[in-house]
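Predicted model and sequence below, questions to follow.
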Amino acid sequence: MNKKEETITPPGDDFSIRCLKLGHQIFFSYCLHENNKLPCFKILDCWHTYFQVEKYLKETLTQNDWEEAFKKPRKPKILTLVELIEQAKKSKKQEES
């Protein structure tokens, strides 16, 4: 796929790019539902050079979903990591019980 296509049609699963968040190749379809069935907050940054991703999402998402995915303040990464560690500790304690 050529960069900066003027289409709003997303690429199929025969085209992937390197995910800045995960560090490996990923398809648009994954990015579209990565965030609890909402688009990844990085989707606009990652895909804008390949097609008109913002226009596509504004046409396909509800206003509420758009705001939830892109307007809601993000937790600091360290807080997310601490929460994941706490969840793992709780899970381990439950397995040991």
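Structure's in. What do you need? All values reported here derive from a predicted model rather than from experimental measurement.

Can you report phi and psi for the residue sitting nearest the centre point of the chain?
The structure's the chain has its C-alpha centroid closest to Cys40; by Cα atoms, centre = their mean the separation is 1.6 Å. Cys40 adopts backbone torsions of phi -60, psi 140, taken as degrees, to the nearest 10.

now it, nearest residue through space, not along the chain?
Glu34 (4.1 Å; Cβ to Cβ, 6 or more residues apart in numbering). (Each C-beta comes from the backbone N, C-alpha and C, glycine too.)

what separates that neighbour from Asp13, distance-wise?
Applying Cβ to Cβ, to the nearest Å, the value for Glu34 to Asp13 is 14 Å.

Kindly list the longest helix within this protein.
If you go by DSSP state H, the chain has its longest helix at helix 77-96.

Report the rounded mean pLDDT for that one.
The pLDDT scores in helix 77-96 average 87.

Could you do stretch 53-65 as well?
Stretch 53-65 comes out at a mean pLDDT of 96.

go on, stretch 14-24?
Summarised as a single mean, pLDDT over stretch 14-24 is 93.

gap between stretch 75-95 and the chain center?
Relative to its parent chain, stretch 75-95 has a centroid offset of 20 Å by Cα atoms, centre = their mean, to the nearest Å.

Would you mark the buried spots in it?
Along stretch 75-95, no position meets the burial threshold by neighbour count (16 or more other Cβ atoms under 10 Å).
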